[in-house]
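Enquirer: here's a sequence, model it:
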Amino acid sequence: CMCPGGVVVPAASEDGLLAVNGMSYYKRNKENANSAVLVNVYPEDFRGDDVLAGVEFQRRLEKKAFELGGGKYKAPVQLVGDFLKNKKSEKLGNVIPSYSIGYKLSNLNDCFPKFIAESLKEGIREMDKKIRGFAGFDSVITAVESRSSSPVRILRDEKMFSSIKGLIPCGEGAGHAGGIISAAVDGIKCAEALNNIIKE
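Expert: Predicted structure coming up:
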């Protein structure tokens, strides 16, 4: 996910929880660029048998982000260099956070379970090999973007239908994709399935 000349925006939907997202205005002319770094989370990571265990996992991340931000919906932020060293950021460098409500310097390693923090670090380092400067010390991480895909999956049969006759759950909101490209691919698969049914 990449937003050139973009901003980090509030995306919370519940009291006492903090979620962020990124966007660009149509001119894409703001000072910063945003990119989301996503980590795969599987049902076994939720540690629960409840069908809504993924929602509770998401809420725990958002509650921790709210607390690290000091409440009042300020976002916790950290320099990439400090995040990679597991050290709380004490001051900003060249990049000024774009989150409009405000921010608080934090240690985002405290926001995530260890497997997420370590996966984020690995992803940041790998991206730096492809895009030089991605892991620049002064780059800023803002937490937490926890709404990249649904924490619940609506089951489908072999013809792509849900248990409700005529309903085909599709894309990220239905839990069958984890990004723009995979959502588009899932949409194509569902359209093809529907087309085959119409032909029958």
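
Enquirer: hey, let's count contacts and neighbours off CA atoms from now on
Expert: Noted.

Enquirer: can I assume residue 188 sits in a helix?
Expert: Yes. Counting by DSSP: H, G, I helix; E, B strand; the rest coil, residue 188 is found in a helix.

Enquirer: where does pLDDT dip in this structure?
Expert: For the chain, no stretch has pLDDT under 70.

Enquirer: center of it, which residue is that?
Expert: When C-alpha atoms, centre = their mean is applied to the chain, the residue found nearest the centroid is residue 145 (3.6 Å).

Enquirer: can you tell me how far that residue sits from residue 185?
Expert: 23 Å (C-alpha to C-alpha, to the nearest Å).

Enquirer: could you measure from the nearest residue in space to residue 167 that is not next to it in sequence over to residue 199?
Expert: Using C-alpha to C-alpha, 6 or more residues apart in numbering and skipping the chain neighbours, the partner closest in space to residue 167 is residue 161 (5.6 Å). With the distance defined as C-alpha to C-alpha, residue 161 ends up 16 Å from residue 199.

Enquirer: which of those two has more neighbours?
Expert: Using other C-alpha atoms under 10 Å as the criterion, residue 161 and residue 199 rank with residue 161 on top: 19 against 7.

Enquirer: give the contact list for the more buried one.
Expert: Counting by C-alpha atoms under 8 Å, 6 or more residues apart in numbering, residue 161 touches 167-169.

Enquirer: name the element it belongs to?
Expert: Take DSSP states H and E as the rule and residue 161 turns out to sit in neither a helix nor a strand.

Enquirer: mind checking the backbone torsions on it?
Expert: As for residue 161, its main-chain torsions (degrees, to the nearest 10) stand at phi -80, psi 150.

Enquirer: please enumerate the helices of the chain.
Expert: Secondary structure of the chain (DSSP state H): helices located at 43-46, 53-68, 80-85, 114-130, 180-199.

Enquirer: next, the buried residues of the last one.
Expert: Okay, so that is helix 180-199. Neighbour counts over helix 180-199 (16 or more other C-alpha atoms under 10 Å) mark 183, 186-187, 190, 193-194 as buried.

Enquirer: for those, give me CSV that also has distance to residue 83.
Expert: Converted to CSV, the buried residues of helix 180-199 look like this (distance: C-alpha to C-alpha, whole Å):
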residue, distance to residue 83
183, 30
186, 34
187, 36
190, 40
193, 45
194, 46
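
Enquirer: and the helices of the chain: which comes nearest residue 8?
Expert: Closest to residue 8 of the helices of the chain is helix 53-68 (C-alpha to C-alpha; 14.5 Å).

Enquirer: distance between the closest one and the chain's centre?
Expert: 12 Å (C-alpha atoms, centre = their mean, to the nearest Å).

Enquirer: same question for stretch 112-120.
Expert: Using C-alpha atoms, centre = their mean, the mean C-alpha position of stretch 112-120 is found 13 Å from that of the whole chain.
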